[in-house]
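J.: Can you look at this prediction? I've put the sequence above it.
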Amino acid sequence: MTLIAIDGPAGAGKTTLAEKLLHEYSVGQSVAVIHMDDLYNGWSNPLNTKLTSKLADILRRYSLGLAFEIEIFNWTSMKFDGVQRIQSSDVLIIEGVGAAQKIVRDAGATTFWLDIEPTVGLQRVLARDGLEIALFMHQWQLDQEIHFLSDKTRENAQHIQSS
């Protein structure tokens with residue numbers, strides 16, 4: 001079983017790298033991908049202990065080779081209203097802000113950190129998701145920076161790439 005975590009600031013290209021790794025690892029192996037955007041509980045304090053607890057549950061089930069379900073957050077309705085079934089797989093890729101936090105590193109994940117200059121990351125996110133989230137994204141950038149500093153995510157990454 002292989003666990004991969006891809007982390008870094010918003011707009012750095014984490015989802016793109018996850019897709020690339022999904023295609024590379026899918027040759028002869030089963031691969032599942034979890035997007036952190038599906039796990040956050042909206043914009044308010046998303047990188048909290050509840051998120052860490054969700055990750056702990058995911059990691060436990062994955063390590064036991066169990067299939068499991070995760071609740072999916074709907075960013076339009078601003079509530080959890082979907083479910084994704086994650087099958088037991090040879091490889092699990094978790095991508096998004098907070099994906100390579102300590103609990104995931106301690107579970108033996110191979111960790112990737114993608115760097116990006118904050119204004120470029122913000123521009124990418126707004127181009128992708130719309131200008132209406134600009135105010136939320138400014139707070140998000142602060143929240144993620146606080147998380148990264150306290151968790152020492154970048155300092156503990158095994159692979160660091162700059163955009």
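T.: Here it is on my side, so go on.
J.: Count the residues that sit near Ala107.
T.: 18 (other Cβ atoms under 10 Å). For the C-beta atoms, the positions are set from N, CA and C on the backbone; glycine is no exception.
J.: Would you indicate which residues of stretch 89-108 are buried?
T.: Across stretch 89-108, burial judged by 16 or more other Cβ atoms under 10 Å covers 89, 91-101, 103-105, 107.
J.: Sorry, wrong one. I was asking about stretch 4-17.
T.: Across stretch 4-17, burial judged by 16+ other Cβ under 10 Å covers 4-15, 17.
J.: Which residues does whichever strand or helix holds Arg60 contact?
T.: Remark: Arg60 resides in helix 49-63, with elements defined by DSSP states H and E. Residues outside helix 49-63 that contact it (Cβ atoms under 8 Å, 6 or more residues apart in numbering): 1, 3, 34, 36, 39-41, 67-68, 70, 86, 88-89, 92, 94, 98, 101, 103-104, 107.
J.: and the longest helix along the chain, what's its mean pLDDT?
T.: Secondary structure assigned by DSSP state H gives helix 134-151 as the longest helix of the chain. Across helix 134-151, pLDDT averages out at 96.
J.: so what does it touch, helix or strand wise?
T.: Packing partners of helix 134-151 (3 or more Cβ pairs under 8 Å, 6 or more residues apart in numbering; DSSP states H and E): helix 118-129.
J.: How far off centre is the helix it packs on?
T.: 17 Å (Cα atoms, centre = their mean, to the nearest Å).
J.: Name the nearest of the buried residues of stretch 4-17 relative to Ile133.
T.: In terms of Cβ to Cβ, no member of those lies closer to Ile133 than Ala10, at 10.3 Å.
J.: so where does that closest one fall, helix or strand?
T.: Per DSSP H and E, there is no helix or strand for Ala10.
J.: ok, now Glu155?
T.: Residue-wise, Glu155 maps onto no helix or strand under DSSP H and E.
J.: what's the residue sitting furthest away from the middle of the chain sitting at in phi/psi?
T.: The C-alpha centroid of the chain is most remote from Gly28, which lies 24.5 Å away (Cα atoms, centre = their mean). In terms of degrees, to the nearest 10, the main-chain angles of Gly28 are phi 80, psi 0.
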